[in-house]
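In: sequence and computational prediction follow.
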Amino acid sequence: MSNVTYDDFAKLDIRVAKVIQVEKIPGKSRIIKGKIDLGTEQRDVIIGGAEFYQPDELLNRLVIVITNLEPRKIGGIESNAMLLAADLNGKPYWLTVNDSVPLGTKIK
(Lines give C-alpha, C1' and ligand atoms only; values in the text may rest on other atoms or scores of the structure.)
Protein backbone atom coordinates (compact mmCIF):
# COMPACT_ATOMS: atom_id res chain seq x y z
CA MET A 1 0.00 0.00 0.00
CA SER A 2 1.40 3.38 -0.93
CA ASN A 3 1.20 6.57 1.06
CA VAL A 4 -0.99 9.48 -0.02
CA THR A 5 -0.12 13.08 0.61
CA TYR A 6 -2.16 15.40 2.76
CA ASP A 7 -3.05 17.26 -0.44
CA ASP A 8 -4.47 14.02 -1.86
CA PHE A 9 -6.57 13.52 1.27
CA ALA A 10 -7.73 17.15 1.22
CA LYS A 11 -9.25 16.58 -2.24
CA LEU A 12 -11.86 14.26 -0.72
CA ASP A 13 -15.14 15.88 0.30
CA ILE A 14 -16.20 13.72 3.25
CA ARG A 15 -19.44 14.69 5.00
CA VAL A 16 -22.12 13.61 7.46
CA ALA A 17 -25.34 12.41 5.83
CA LYS A 18 -28.57 10.69 6.80
CA VAL A 19 -30.10 7.76 4.94
CA ILE A 20 -33.64 8.96 4.25
CA GLN A 21 -34.91 6.36 1.78
CA VAL A 22 -34.05 2.75 0.96
CA GLU A 23 -35.48 0.23 -1.47
CA LYS A 24 -34.58 -3.18 -2.76
CA ILE A 25 -33.36 -3.46 -6.34
CA PRO A 26 -35.14 -6.23 -8.26
CA GLY A 27 -32.75 -9.10 -8.99
CA LYS A 28 -30.02 -7.80 -6.66
CA SER A 29 -29.29 -9.40 -3.30
CA ARG A 30 -26.08 -7.61 -2.24
CA ILE A 31 -26.96 -3.97 -2.93
CA ILE A 32 -29.88 -1.64 -2.31
CA LYS A 33 -30.81 1.80 -3.61
CA GLY A 34 -30.76 4.59 -1.08
CA LYS A 35 -31.18 8.33 -0.84
CA ILE A 36 -29.08 10.42 1.51
CA ASP A 37 -29.69 13.88 2.91
CA LEU A 38 -26.62 16.14 3.10
CA GLY A 39 -28.52 19.02 4.69
CA THR A 40 -28.49 21.19 1.56
CA GLU A 41 -29.15 18.47 -1.03
CA GLN A 42 -30.23 14.88 -1.44
CA ARG A 43 -28.46 12.24 -3.52
CA ASP A 44 -29.12 8.72 -4.76
CA VAL A 45 -26.59 6.11 -3.66
CA ILE A 46 -26.04 2.41 -3.96
CA ILE A 47 -25.45 0.76 -0.60
CA GLY A 48 -23.67 -2.57 -0.30
CA GLY A 49 -24.22 -5.17 2.38
CA ALA A 50 -27.87 -5.93 1.62
CA GLU A 51 -27.21 -9.58 2.38
CA PHE A 52 -26.45 -8.57 5.99
CA TYR A 53 -29.05 -5.85 6.63
CA GLN A 54 -32.71 -5.26 5.91
CA PRO A 55 -33.41 -1.93 4.20
CA ASP A 56 -35.30 -0.58 7.22
CA GLU A 57 -32.19 -1.10 9.40
CA LEU A 58 -30.46 1.60 7.34
CA LEU A 59 -33.31 4.10 7.32
CA ASN A 60 -32.56 7.27 9.32
CA ARG A 61 -28.99 6.13 10.03
CA LEU A 62 -26.33 8.84 10.16
CA VAL A 63 -23.42 7.88 7.89
CA ILE A 64 -20.14 9.29 6.63
CA VAL A 65 -19.93 9.69 2.84
CA ILE A 66 -17.49 10.82 0.19
CA THR A 67 -19.46 13.24 -1.94
CA ASN A 68 -17.03 14.15 -4.71
CA LEU A 69 -16.32 10.79 -6.33
CA GLU A 70 -17.27 10.52 -9.97
CA PRO A 71 -20.81 9.11 -10.28
CA ARG A 72 -20.82 5.37 -10.95
CA LYS A 73 -23.52 3.10 -12.31
CA ILE A 74 -24.01 0.02 -10.19
CA GLY A 75 -26.82 -2.39 -10.93
CA GLY A 76 -28.08 0.02 -13.57
CA ILE A 77 -28.51 2.84 -11.05
CA GLU A 78 -26.25 5.88 -10.73
CA SER A 79 -24.60 6.30 -7.33
CA ASN A 80 -23.59 9.86 -6.45
CA ALA A 81 -21.68 9.31 -3.21
CA MET A 82 -19.98 6.50 -1.32
CA LEU A 83 -20.79 5.47 2.23
CA LEU A 84 -17.67 4.73 4.27
CA ALA A 85 -17.59 1.54 6.28
CA ALA A 86 -15.32 -0.71 8.25
CA ASP A 87 -15.16 -4.09 6.54
CA LEU A 88 -15.09 -7.27 8.61
CA ASN A 89 -15.17 -10.46 6.54
CA GLY A 90 -17.14 -8.68 3.80
CA LYS A 91 -19.75 -7.23 6.16
CA PRO A 92 -19.88 -3.40 6.19
CA TYR A 93 -20.14 -1.47 9.44
CA TRP A 94 -20.99 2.08 8.40
CA LEU A 95 -19.01 4.90 9.94
CA THR A 96 -21.13 7.39 11.85
CA VAL A 97 -21.19 10.28 14.33
CA ASN A 98 -23.59 11.07 17.14
CA ASP A 99 -26.81 12.87 16.25
CA SER A 100 -25.66 16.29 17.47
CA VAL A 101 -23.57 16.79 14.30
CA PRO A 102 -25.54 18.65 11.58
CA LEU A 103 -26.07 16.99 8.20
CA GLY A 104 -23.50 18.10 5.65
CA THR A 105 -20.77 18.75 8.23
CA LYS A 106 -17.38 18.27 6.61
CA ILE A 107 -15.05 15.58 7.97
CA LYS A 108 -11.38 16.49 7.99
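Out: Structure received. Residues are numbered from 1 along each chain as shown.

In: now for the most centrally placed residue in the chain: which residues touch it?
Out: What sits nearest the mean C-alpha location of the chain, by CA atoms, centre = their mean, is Leu83, with 2.0 Å. Listed by CB atoms under 8 Å, 6 or more residues apart in numbering, the contact set of Leu83 reads 36, 45, 47, 63-65, 92, 94-95. Yep, even glycine has a C-beta here, placed from its N, CA and C like the rest.

In: now it: how far from Leu95?
Out: To Leu95, Leu83 is 8 Å away according to CB to CB, to the nearest Å.

In: overlap in contacts of these two?
Out: 63-64.

In: what about the helices in the chain?
Out: Taking DSSP state H as the test, the helices found in the chain are 6-10, 55-58.

In: those: which one's closest to Val22?
Out: Ranking those by proximity to Val22 (CB to CB) places helix 55-58 first, at 3.9 Å.

In: what comes up buried for the longest strand anywhere in the chain?
Out: Looking across the chain with DSSP state E, the single longest strand is strand 14-24. Across strand 14-24, burial judged by 16 or more other CB atoms under 10 Å covers 14-19, 22.

In: make a markdown table out of the residues you listed and add pLDDT and distance to Gly104.
Out: Formatted as a markdown table, the buried residues of strand 14-24 follow (pLDDT from 0 to 100; distance: CB to CB, whole Å):
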| residue | pLDDT | distance to Gly104 |
| --- | --- | --- |
| Ile14 | 98 | 11 |
| Arg15 | 98 | 6 |
| Val16 | 98 | 7 |
| Ala17 | 98 | 8 |
| Lys18 | 97 | 10 |
| Val19 | 98 | 14 |
| Val22 | 97 | 20 |
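
In: distance to Ser2 added to the residues you listed, as JSON lines?
Out: As requested, those are exported to JSON lines (distance: CB to CB, whole Å):
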{"residue": "Ile14", "distance to Ser2": "20"}
{"residue": "Arg15", "distance to Ser2": "26"}
{"residue": "Val16", "distance to Ser2": "28"}
{"residue": "Ala17", "distance to Ser2": "29"}
{"residue": "Lys18", "distance to Ser2": "34"}
{"residue": "Val19", "distance to Ser2": "32"}
{"residue": "Val22", "distance to Ser2": "35"}
